[in-house]
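Chemist: Mind folding the following:
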Amino acid sequence: MMLNHLLWIPPLAGLVASVLTVGLLLWANTHWQWGMDKGAGVQKFHTQTTSRLGGLAIFIGILMGLWGSYAYFPKDGWLGTWVMIASAPVFIGGLVEDLTHKVSPAWRLWLAVASSAMVYAVFQLGVKRTDIFIIDAVLSLPFAAFLLTVLVVAGFVNAINIIDGFHGLAAGSVIAFLTGIAGLAWIGSDGLVFRLCLVTAGATIGFLLWNWPWGKIFLGDGGAYLLGFWVVVLGLMIPHRSPEISPMAPVLVGIYPLVETVYSMYRRKFVRTHPINHPDALHLHTLIYRRLVLRPGLHLSLGEKNAANAKVAMYGFAMAAVPAMLACLFHTNTNALLLCMAAFALLYVDFYRRIVRFHTPVWLLGKTQR
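Modeler: Below you'll find the model as predicted:
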């Protein structure tokens, strides 16, 4: 696949549009308090009211990037527009929640299912092979591929929302995921997926420039769902369009939020005996904030708290970037990819338990905590 200077025009258009849209939203917030997060709740770690409409900026950024794609890469623009249409149910549901705080988790889940079904029905794109014998045997049954596709898409969309808790954490992780998928597309000589990754990353970076490190605006449910949808759809395209790449490679790219979600469900159900959708403040990123980057016992200024908040994203980015690199390294070796996934899950659980028990490795602690 040859690099062309024209491929940078759509992502740059998306980046500029996203930056300008956030600026406009922040100006509008001085007159109308729409979509504001009040900074109260078990999962809130900021100290002032902040807009949750960052997803709207990313949506507009991607649209502008796709508009630019039509001029130079018409197929990209056409396919990307259909992906945006498919994302509409889950994105709008999240955006309405950001504006009203009245859309129940059940409704948002069903909207994610609707978007997932559109991907399968319109694109004929889904989980149709895994290169794992037992699972592939089940996928040969009627409706199995459809049901697994819905589970994967809806599950990953919600997983991105789960890791959205600190400045730059979700958006930075998504950029790592998109980089990993772009790497797989490059290996498979798939220019279309590579360019769509750049467009999505461009719009995300435009938002991130405002979100990290100072948290001027938040991703919101709409933004988390939109980015999660784009990442999982682009990941599904990889083995479909490049059969030589293992279907497990994109799974390894996005393993961090998947493990976070599954472990959170286990922790809530079996450790704390709460409903699995019951919010709590015990996610790994929350513990990192409280026990690794925050200086306990000190009276911190707003700037110091914001700085501590922003440091959490660096841990999340590392947990997203390393599996993405390994996925590209072992892109054809399903067994190696599965071993990497198992290793990540074990390391995640070990790291989590060490922090909970105050046995965090010394080299991860700040000087004030040693």
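
Chemist: All the strands of this structure, residue numbers only.
Modeler: 36-37, 50-51 (DSSP state E).

Chemist: Which neighbouring elements make contact with the last one?
Modeler: Spelled out, that is strand 50-51. helix 9-29, strand 36-37 (3 or more C-beta pairs under 8 Å, 6 or more residues apart in numbering; DSSP states H and E). For every residue, glycine as well, the C-beta is placed using N, CA and C.

Chemist: helices or strands next to the last one in the packing?
Modeler: Secondary-structure packing of strand 36-37 (3+ C-beta pairs under 8 Å, 6+ apart): strand 50-51.

Chemist: ok, the closest residue in space to Ile62 that isn't next to it in sequence - contacts?
Modeler: Spatial nearest neighbour of Ile62, excluding adjacent residues (C-beta to C-beta, 6 or more residues apart in numbering): Ala203 at 4.6 Å. Applying C-beta atoms under 8 Å, 6 or more residues apart in numbering to Ala203 gives the contacts 11, 14-15, 17-18, 57-62, 64-65.

Chemist: Please apply the same query to Thr334.
Modeler: With the criterion set at C-beta under 8 Å, 6+ apart, Thr334 makes contact with Asp131, Ile132, Ser246, Pro247, Met248.

Chemist: Please report how far Gln33 lies from Arg357.
Modeler: With the distance defined as C-beta to C-beta, to the nearest Å, Gln33 ends up 42 Å from Arg357.

Chemist: Neighbour-wise, which one of the contacts of Thr334 leads?
Modeler: Ser246 (26 neighbours; other C-beta atoms under 10 Å).

Chemist: Do you know the pLDDT at the nearest residue to it once chain neighbours are set aside?
Modeler: Closest residue in space to Ser246, ignoring its immediate chain neighbours: Thr334 at 4.5 Å, by C-beta to C-beta, 6+ apart. On the pLDDT scale, Thr334 is placed at 97.

Chemist: residue ranges of the helices in the stretch 151-300 of the chain, please?
Modeler: Along the stretch 151-300 of the chain, the stretches classed as helices by DSSP state H, counting those that start in this stretch are 169-187, 191-211, 220-241, 248-253, 255-266, 284-288.

Chemist: nearest to Ile92, of these?
Modeler: Evaluated over these, closeness to Ile92 peaks at helix 220-241, with 7.6 Å, by C-beta to C-beta.

Chemist: coming back round to it: for the contacts of Thr334, name the two members farthest from one another.
Modeler: Longest span within these, C-beta to C-beta: Ile132 and Ser246, 9.8 Å.

Chemist: circling back: distance check, the residue nearest to Ser246 against Thr49.
Modeler: Thr334 is 48 Å from Thr49, by C-beta to C-beta.

Chemist: now do Leu95
Modeler: 18 Å.

Chemist: How about Phe156?
Modeler: 30 Å.

Chemist: Tell me which of those two has more neighbours.
Modeler: Remark: of Phe156 and Thr49, Phe156 carries more neighbours, 25 against 13, as counted by other C-beta under 10 Å.

Chemist: Run through the residues that contact that one.
Modeler: Taking C-beta under 8 Å, 6+ apart as the test, what Phe156 contacts is Gly228, Val231, Val232, Gly254, Pro257, Leu258.

Chemist: what about Arg267, neighbour count?
Modeler: Neighbours of Arg267 under the rule other C-beta under 10 Å: 17.

Chemist: hang on, the earlier thing: weakest of the strands of the chain in terms of mean pLDDT?
Modeler: Across those, the lowest-scoring stretch is strand 36-37, with a mean of 82.

Chemist: I'd like to know how many residues surround Gly188.
Modeler: For Gly188, using other C-beta under 10 Å, the count is 21.

Chemist: re the thing from before, could the helices of the stretch 151-300 of the chain be laid out in CSV, adding mean pLDDT and distance to Trp78?
Modeler: Putting these into CSV (pLDDT from 0 to 100; distance: least, C-beta to C-beta, whole Å) gives the following:
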stretch, mean pLDDT, distance to Trp78
helix 169-187, 97, 18
helix 191-211, 97, 10
helix 220-241, 97, 14
helix 248-253, 98, 23
helix 255-266, 95, 29
helix 284-288, 92, 37
